[in-house]
Structures are given as C-alpha cells and as structure tokens.
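# 3D model of this:
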Amino acid sequence: TGLSCFLMSAFAYLVMRLKREGISIANAVIGGTLFGMMLLVRPNTLTLAPIAVWAGFAGRGLTVRQLARLACAYALAMGIAAVVVVPLKGRFALFDRYYAAYTFANGTHDHALEGILRDYNGEMTMPQSIRELGLPFSGLERSDPVAADRYMRVAWNFIREHPFRYAVLEACKVANIFRPDYRNVTQSAIPRAIGWAIHTLIAGLFLVWAALRYRCRHFYRLGDGLILIPMLVFYFAPFVATQTDPRYRVPIDIVLIVDSVLCSSMLWNRHNPRIAADAPCKQEAVAVI
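All right, here's what the predicted structure looks like:
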C-alpha cells in the first residue's frame, strides 16, 4: 500500500508535467518508468494510461515525434515489467487468469453483499456461496485453470440470474470504497472513540476535497483539478467490476490530500489582490493535477 501511494502521487506529478509540456523526452522516460513499476505493483492501474495520454495530447496536434515518444514510453514500461516478470514466471504474463477469476467471484456471488457489509469485502463469505452450489473451494495458494473456469461461471451465473441484486451489489461496492474502515479500531492502542473518529474523518476526505474544488472553481474558475474525477473512475473501475475494500482507496487519499491543501491555500489567500489578479493565468501552473 505504501508503494502504491508513492506511485499514485508520482502519477499525479506526471499528469501535471504532461499537461504543461506535452510528451517530451523526459516525460516519456518518466511515464514509461512509472507505468512499468505500476504494472508490477498493481497491474490494474493500466486503466490510468488513457488519462496520461489525454494529458499529453490535449490541446496539441498529433505529430510523428510525439507518437514516437509515446511508443518509446510504452516499450520502456513493458521492458521494465518483463525484466521482473519473465524470470519469475518463465513467460511475460502480467494478468494471472486464476487470480482474476478468483477476484471476480469474490465480489460476485450469493453472499457477497453480506460479506461487504460485515467484513468490508466479499472474500470471507465466498466459500459459503461456493459450497452451497456443491462446488469445491480453492484459495489463492494454487493456480488451477479448471477452478478458474468454475469461478468465472459462478460469477456470470449470478449476474444473469440475479440482475437486480447485482445492480444493488455494484452500488454497494462503490459505497464500500469510501466507507470508514473500523476493522482495527478494537485492536489498536488508541482509545476506541478516537479511532472511530479518525477513520470517519479519513473516509470524509473525498467530500472535503469535492467541496474545496467546487469553491476554487467558483472563485478562480479553475477546473484543472476536476481531472481527478475521471482518474477516480478509471482507477476504481477494475475494483468495482471484481471486489472492493476501503483499503484500495488509500493511494487516492494521498492525492486528494495534496490537492485539498492546494485548494485550501488558494481559498485562504483569495482576498490577496496579487493572487486574485494572477488567478486567470495560473490555470496550468497552480493545479496539482
């Protein structure tokens, strides 16, 4: 999680550079290296690539030079991932089919909603659903193509047979990402009441950020930080499609904290004549994203 926080912050920095400079040689190297590391830590962050590409090309015409640099960044990312993955697995495979099927079934089964409400994810109740179907349960300690097919069928059958329940389940998965995580409150040395308060405040960070961004847009007409919204959608989409957990939000929290500090500073100094005069020309310079 700590490394994911660092990489997500680095991605925010990359987007800022791409918006300001386009796909320069330096940005291609930074982007390729960053995505290579992200693919090794959490491969589903590949969904953020369109955000980076958009930031690099927005407002600029397509040129052969830019496309060549983009291709070099892609090759660098794949090369970094291959150097680590191939010696470990004997082949270049970033996405394990069994793990994908297992995770998909984790969040898409008869007792998934019960697990989300009680355990913050559907994994703990998955064995119950599998055994009620008369099927053997296999954990992540193995990689079995037959079991992978079985888990995919379990998930897709649930979707086809219970479309309304599935829609409710997906809505709950989204809410679960932004839910206060009280799991460790009773095990902490911190008094329970303080733990509950801290985790509630952490979960409310998204609402704080949204309010601050709205106020900045009202006073300064700055919309740059709103790119965080598609970033959130692209980042969380793979989780919502499989299973969610409040801990998956932590890397995003870091970026929201940085942008919230920026917005707070701008709002605090909004009556400064110099800042007010400069605000219209600072749309690219002041935005963290």
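# Helix or strand for residue 228, just tell me which one.
Assigned by DSSP states H and E, residue 228 falls within helix 228-241.
# next one: that helix to chain centre, how far?
Computed by Cα atoms, centre = their mean, to the nearest Å, the separation of helix 228-241 from the middle of its chain amounts to 6 Å.
# now the strands for the stretch 1-150 of the chain?
Remark: no strands are assigned in the stretch 1-150 of the chain by DSSP state E, counting those that start in this stretch.
# Let me see the ranges of the helices in it.
Along the stretch 1-150 of the chain, the stretches classed as helices by DSSP state H, counting those that start in this stretch are 2-21, 25-41, 49-57, 64-89, 97-106, 112-119, 126-132, 145-161.
# closest one to residue 205 among these?
helix 2-21 (13.6 Å; Cβ to Cβ). All C-beta spots, glycine's among them, are computed from the backbone N, C-alpha and C.
# would CSV of the helices of the stretch 1-150 of the chain with mean pLDDT, distance to residue 255 and mean neighbour count be doable?
What follows is those, written out as CSV (pLDDT from 0 to 100; distance: least, Cβ to Cβ, whole Å; neighbours: other Cβ atoms under 10 Å):
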stretch, mean pLDDT, distance to residue 255, mean neighbour count
helix 2-21, 90, 5, 18
helix 25-41, 94, 14, 19
helix 49-57, 91, 12, 18
helix 64-89, 91, 20, 15
helix 97-106, 91, 24, 20
helix 112-119, 94, 25, 18
helix 126-132, 93, 31, 17
helix 145-161, 93, 31, 16
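# Tell me which of those helices lies nearest to residue 265.
helix 2-21 (16.2 Å).
# contacting residues around that closest one?
By Cβ atoms under 8 Å, 6 or more residues apart in numbering, the residues outside helix 2-21 that reach it are 26-27, 30-31, 34, 37-38, 41-42, 45, 48, 51-52, 55-56, 58, 224, 227, 231, 235, 250-252, 254-255, 258, 284-285, 287-289.
# go with 7 Å
The contact list for helix 2-21 (Cβ atoms under 7 Å, 6 or more residues apart in numbering) reads 27, 30-31, 34, 37-38, 41-42, 48, 51-52, 55-56, 58, 227, 250-252, 254-255, 284, 288-289.
# buried ones in the strand or helix carrying residue 165?
In this assignment (DSSP H and E), residue 165 forms part of helix 163-177. The neighbour-count check on helix 163-177 (16 or more other Cβ atoms under 10 Å) flags 166, 169-170, 172-173, 176-177 as buried.
# Among those, pick out the one closest to residue 91, please.
Set against residue 91, the nearest of the buried residues of helix 163-177 by Cβ to Cβ is residue 173 (32.0 Å).
# give me every residue that touches the residue nearest in space to the middle of the chain.
Note on the chain: the residue nearest the mean C-alpha position is residue 235, at 3.1 Å, using Cα atoms, centre = their mean. Residues near residue 235 by Cβ under 7 Å, 6+ apart: 45, 47-48, 252.
# 10 Å instead?
Residues in contact with residue 235, defined by Cβ atoms under 10 Å, 6 or more residues apart in numbering, are 8, 11, 42, 44-45, 47-48, 51, 177, 228, 248-249, 251-252, 255.
# so which one among the residues you listed has the lowest pLDDT?
Model confidence across the contacts of residue 235 bottoms out at residue 228, which has 78.
# Surely that residue and residue 212 touch.
No - Residue 228 sits out of contact with residue 212 when judged by Cβ atoms under 10 Å, with a separation of 11.4 Å.
# what do these two both touch?
Taking Cβ under 10 Å, 6+ apart as the contact rule, the neighbours common to residue 228 and residue 212 are 256, 259.
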